[in-house]
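> Give the three-dimensional model of this entry:
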Amino acid sequence: MFEIATHLALLLVLAAFCAGFVDSIAGGGGLISVPALLLAGASPVEALATNKLQGTFGAGTAMLTYARAGHVRPMDQLGMAAISAVFGALGALVAHLIPAEVLRIIMPVVLIGVAAFFALKPGLSDDARAQRMKPAVFAVTVVPLIAAYDGFFGPGTGSFFMMGFVLLAGYGVLKATAHTKMLNFASNMGSLLVFIPSGAMWWATGLTMAVAQVAGAALGARLAIRIGAGLIKPLLVIVSTAMAVRLLWQAWAG
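Numbering: from 1, shown residues only. Below is the predicted model:
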């Protein structure tokens, strides 16, 4: 990791492992890894670009882990994934057009709503629920909105995909988590392709963090598969609330 000192490199590796673990279960790994990159001296653009690099490996690992356990069939999600990748790239391209300050005010309210839904909604389990939206409609409405958001801002993307799958597609909590990962991986890939030509990427740092991301994501996904909604729901509530608090603090401090 040539860009940074050794002691900060160890911090980033640990942050990447924790981010991969949390993200594979409930989303929100960027809440850990982006601040760590900023602490290491990255500019906001460098932090976002490098975070996309290492986070893509974690999302891909979680996706494969859930697929091998039979909780998702990636081939069935190719259409949604393609849409997610395209809109993730578009979101990254227009990032400079949307004031981050506006999003920092709006998103905490949305994230608190997500946390409240999973904390207070009775009957949320790994069992399937009534489908309220056809897969094709979900693919052309919900997926583009969340993927574009991931490209230009990011915090809470996994939580939003999860809520969409549970509330609209009728998936149980574990199945929703598994299906979220491929779409998150695709939106990461799309936005990553936009960030690469920018020259803001810390390649050595990002690839080293990716190794830790893979380990954390594999462990987190296996635990989620073993425990199911009993682990996913409380962690999702905690992560969504933590992201909301952080964004509110940034808006107030800024």
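> Relative to residue 247, how far out is the nearest residue to residue 192 once chain neighbours are set aside?
Closest residue to residue 192 apart from its sequence neighbours, by CB to CB, 6 or more residues apart in numbering: residue 52 at 4.6 Å. Where C-beta positions appear, they are placed from N, C-alpha and C, glycine not excepted. In this view, residue 52 and residue 247 are 19 Å apart by CB to CB, to the nearest Å.
> Let's verify the residue nearest to residue 192: helix, strand, or coil?
helix (DSSP: H, G, I helix; E, B strand; the rest coil).
> For it, grab the count of nearby residues.
Counted by other CB atoms under 10 Å, the residues lying close to residue 52 total 28.
> my guess is it contacts residue 188, does it?
Yes. Assessed by CB atoms under 8 Å, residue 52 is found in contact with residue 188 at 5.7 Å.
> In the host helix or strand of residue 239, which residues are buried?
Assigned by DSSP states H and E, residue 239 belongs to helix 229-253. For helix 229-253, burial by neighbour count (16 or more other CB atoms under 10 Å) applies to 229, 231-233, 235-237, 239-244, 246-248, 251.
> again, but for stretch 171-185
Of all the residues in stretch 171-185, those buried under the rule 16+ other CB under 10 Å are 171-185.
> How about exporting stretch 155-173 as PDB, limited to the C-alpha atoms?
Taking Å, rounded to 0.1, in the frame of the first residue of the first chain, the C-alpha atoms of stretch 155-173 are listed here in PDB:
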ATOM      1  CA  PRO A 155     -25.100   5.200   1.900                       C
ATOM      2  CA  GLY A 156     -28.000   2.800   2.500                       C
ATOM      3  CA  THR A 157     -28.100   1.300  -1.000                       C
ATOM      4  CA  GLY A 158     -28.300  -2.200   0.400                       C
ATOM      5  CA  SER A 159     -31.000  -1.300   2.900                       C
ATOM      6  CA  PHE A 160     -33.100   0.300   0.200                       C
ATOM      7  CA  PHE A 161     -32.800  -2.700  -2.100                       C
ATOM      8  CA  MET A 162     -33.600  -5.000   0.800                       C
ATOM      9  CA  MET A 163     -36.700  -3.000   1.700                       C
ATOM     10  CA  GLY A 164     -37.900  -3.000  -1.900                       C
ATOM     11  CA  PHE A 165     -37.600  -6.800  -2.200                       C
ATOM     12  CA  VAL A 166     -39.400  -7.300   1.100                       C
ATOM     13  CA  LEU A 167     -42.100  -4.700   0.800                       C
ATOM     14  CA  LEU A 168     -42.800  -4.900  -3.000                       C
ATOM     15  CA  ALA A 169     -41.400  -8.200  -4.300                       C
ATOM     16  CA  GLY A 170     -42.700 -10.200  -1.300                       C
ATOM     17  CA  TYR A 171     -39.400 -11.900  -0.500                       C
ATOM     18  CA  GLY A 172     -38.500 -13.200   3.000                       C
ATOM     19  CA  VAL A 173     -35.700 -11.400   4.700                       C
END
